[in-house]
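A.B. asks: Coordinates only, no sequence provided:
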């Protein structure tokens, strides 16, 4: 799913960075004909599978069982036939290693038939299990380089799909990825385990309330919005920092950027709209259900939002969406930039991770509905989330930590590093009532009369939203707004599923210990209210409905004992605390070895990304900015000499030259210091992270400040890179 040769594009980019455009004729096809036409979903293959095989498939999916080898052979044949009908020549076990990206190794569906011809083949064993080389993927010490064997295991709950290119079509089979010892080397395996843990504990609550009839499973659901920038392709490849780091390491914000809020929800530019239409068609074809598209706050920034799905499938679809976004953008002369902060001084990008809990019968267990004070079951699930986030706020913060997300968190565009929960007026009032006894009433939103017969009366929600909160209740779900735009959503949802499962377990055990088999409904509700009341008293410090951006909240959060982990270096140690180790082990989501490997991988990625940025920064400074500055200095000197020789007072010009020369000297000094400091000393991963954050990052900020000062002085024709004004203006 690449977008061409970056080096070739960079060489081809002209000195004038001319804006490219593309004229693409969109196919005029009905959405019904497009949607999921390249998706093999076992639930929808009744016509292709024998009845006994199809019934076994449904049984397996409903009861989370395993397919027999005989049925796997039948399914493999049906999948192969379906794929070759659509032009596929190869298949791949598509998986999500710890790089945070997707991975694939293509194998041919075509084999010699021994008689001079060919045959198409996909066996059941090849469908179920693959063996890619595991040696070069991040393992955090789980595997040595010489231990190359790793296995992919088919996830039958996630639909297979066909990826198309100009002259190829490849069947992609979603899989998990594990080591020879069975340890998880990917994002999917722990996610599936966390879904099982949540299912078991959430079902216990349903049984307590006697509402489990007809329910075969409970799982989380997810809708992950995606923000991104579109940058003209030729301009992008003329910026080495964008190509290698995903963000600009130097750059002065233009006089007009997002101050007027005129881009937000504005008319979508025609070229961008054409891209979005084709992008969405590609997603529909792959079975990814998206609903909303719009301009975001920063110029050149946009957002796409999907419909809700089961979390496992939604995470796969998020990965497909990011791959497809990059591929389709190239057809229109764009590069889709997913970095959390590609441009300093304007809003960055994130993912809004909308999470809820639902039964397989379609009931959303976090939907308060109607007279909420009478819905004690809803309050139980709500309190489980409150407890989970209060106990594991540091873990949740570590879950969204990265070098790129550090640039975004805490600015007036994204939630701060302090994790808190927003509930709104109605739920906060109910929580307070429950803390002191039995809730008696529910705040209602009522109607809004807009003062004219031309407009309808609007039904007002019972509370407003809080866009500054990192973990906000938004009607029938919780929105984790702090996830980075480059991140895989599998890991944050693995954590949310697990911490909520732990809280549901604690609540269910406490309630069950106080009830007899013949307890009345009235007695049950009395016990539940008492348990929840105690829980609220202990964990209500995590609830905050005010402005999370304010300085006052920083002080108040500290008084409540809430951690403020401002950087990845401060956040990552939370992954390996005793409470986290015991939780993941208890619910069989991650062994201690698997957990520590992830902590090491995240630390190594943080260190490596900052090291790459520091090296790229010194290269740009030395080979691009410094020569331009020296040429400008030469021009200033020549002008000063010529002015003096003409008999005109040149003292002011000389003073300007001296100041500019001093700026160049300071820039060179900081550049040399960063060149030395960017070499990370030997230490443990946490120590190296702290060094990067405390030593390298401040030096990079200082060098950037000086480089940006030079940009404001150097004549435009000498500046060696496209500036922000060009990068942020799409043509």
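C.D. replies: Ah, there it is. None of the values given here were measured: they were computed from a predicted structure.
A.B. asks: Residue 373: what's it in contact with?
C.D. replies: Neighbouring residues of residue 373 by Cβ atoms under 8 Å, 6 or more residues apart in numbering: 430, 433, 439-442. (C-beta placed from N, C-alpha, C; glycine too.)
A.B. asks: Can you select the buried ones among those residues for me in ChimeraX?
C.D. replies: One line in ChimeraX is enough to select the buried members of the contacts of residue 373, burial here meaning 16 or more other Cβ atoms under 10 Å:
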select :430,433,439,442
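A.B. asks: Which one of the contacts of residue 373 is nearest to residue 467?
C.D. replies: residue 430 (22.3 Å; Cβ to Cβ).
A.B. asks: ok, now how distant is that closest one from residue 521?
C.D. replies: Distance, residue 430 to residue 521, using Cβ to Cβ, to the nearest Å: 20 Å.
A.B. asks: would CSV of the contacts of residue 373 with secondary structure, pLDDT and distance to residue 501 be doable?
C.D. replies: Conversion of the contacts of residue 373 to CSV gives the following (DSSP: H, G, I helix; E, B strand; the rest coil; pLDDT from 0 to 100; distance: Cβ to Cβ, whole Å):
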residue, secondary structure, pLDDT, distance to residue 501
430, helix, 90, 23
433, helix, 92, 27
439, coil, 79, 26
440, coil, 75, 31
441, coil, 78, 32
442, coil, 75, 28
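A.B. asks: Out of the contacts of residue 373, flag the one nearest to residue 124.
C.D. replies: Of the contacts of residue 373, the one sitting nearest to residue 124 (Cβ to Cβ) turns out to be residue 430, at 52.4 Å.
A.B. asks: The closest one against residue 372, yeah?
C.D. replies: Yes - here residue 430 reaches residue 372: they are 6.0 Å apart, a contact under Cβ atoms under 8 Å.
A.B. asks: which neighbours do those two share?
C.D. replies: Common contact partners of residue 430 and residue 372 (Cβ under 8 Å, 6+ apart): 379, 442.
A.B. asks: Got the confidence number for residue 11?
C.D. replies: Listed pLDDT for residue 11 reads 32.
A.B. asks: Let me see the ranges of the helices in the stretch 1-150 of the chain.
C.D. replies: 6-12, 31-34, 51-63, 69-85, 124-128 (DSSP state H, counting those that start in this stretch).
A.B. asks: what residues does the third one touch?
C.D. replies: Counting by Cβ under 8 Å, 6+ apart, helix 51-63 makes contact with 42-43, 45-46, 49, 65-68, 71, 74-75, 156-157, 216-217, 360, all of which sit outside it.
A.B. asks: And for the longest one?
C.D. replies: Around helix 69-85, the neighbours that count as contacts under Cβ under 8 Å, 6+ apart are 40, 42, 45, 48-50, 53, 56-57, 67, 91, 109, 120-128, 160, 162, 169, 171, 173.
A.B. asks: rerun at 7 Å
C.D. replies: Outside helix 69-85, the residues within contact range by Cβ atoms under 7 Å, 6 or more residues apart in numbering are 40, 45, 48-50, 53, 56, 91, 109, 120-124, 127-128, 160, 162, 171.
A.B. asks: Residue 60 and residue 49: what is the separation?
C.D. replies: Applying Cβ to Cβ to residue 60 and residue 49 gives a distance of 12 Å.
A.B. asks: go on, residue 400?
C.D. replies: Taking Cβ to Cβ, one finds residue 400 at 41 Å from residue 49.
A.B. asks: which of the two has more neighbours?
C.D. replies: The residue with more neighbours, out of residue 400 and residue 49, is residue 400; 27 against 19, by other Cβ atoms under 10 Å.
A.B. asks: Show the contacting residues for the more buried one.
C.D. replies: 482-484, 487, 492.
A.B. asks: do residue 211 as well
C.D. replies: Contacts for residue 211 were tallied using Cβ under 7 Å, 6+ apart; they are residue 377.
A.B. asks: Assumed it was part of a strand.
C.D. replies: No - with DSSP: H, G, I helix; E, B strand; the rest coil as the criterion, residue 211 is assigned coil and is not in a strand.
A.B. asks: Identify the bridge partners of residue 354.
C.D. replies: Beta-bridge pairing of residue 354 under DSSP bridges involves residue 223, residue 479.
A.B. asks: these two touch, right, it and residue 223?
C.D. replies: Yes - Residue 354 is within contact range of residue 223, at 4.3 Å (criterion: Cβ atoms under 7 Å).
A.B. asks: Point out where the stretch 101-250 of the chain drops to low pLDDT.
C.D. replies: Residues of the stretch 101-250 of the chain meeting the criterion pLDDT under 70: 134, 143-148.
A.B. asks: all strands in it, in order from the N-terminus.
C.D. replies: Using DSSP state E, counting those that start in this stretch, the strands found in the stretch 101-250 of the chain span residues 106-108, 110-112, 118-120, 129-130, 150-154, 160-164, 169-179, 218-232.
A.B. asks: Not counting its own residues, what contacts the second one?
C.D. replies: Okay, so that is strand 110-112. Contacts of strand 110-112 (Cβ under 7 Å, 6+ apart): 89, 118-121.
A.B. asks: what about residue 206, how many neighbours?
C.D. replies: Neighbour number of residue 206 under other Cβ under 10 Å is 20.
A.B. asks: Would you map the strands across the stretch 301-450 of the chain?
C.D. replies: 301-306, 309-310, 334-337, 350-359, 421-422, 447-448.
A.B. asks: Residues in contact with the second one: which ones?
C.D. replies: When contacts are defined by Cβ under 7 Å, 6+ apart, strand 309-310 is touched by residues 219, 221-222, 317.
A.B. asks: dump the residue contacts of residue 174.
C.D. replies: If you count contacts by Cβ under 7 Å, 6+ apart, residue 174 has them with 94, 155, 158, 160, 316.
A.B. asks: How about it: what's its closest non-neighbour residue?
C.D. replies: residue 158 (4.0 Å; Cβ to Cβ, 6 or more residues apart in numbering).
A.B. asks: Next up, the contacts around the one you found.
C.D. replies: Residue 158 touches 174, 312-313, 316, counting by Cβ under 7 Å, 6+ apart.
A.B. asks: Give me the most central residue, the protein.
C.D. replies: residue 487 (3.5 Å; Cα atoms, centre = their mean).
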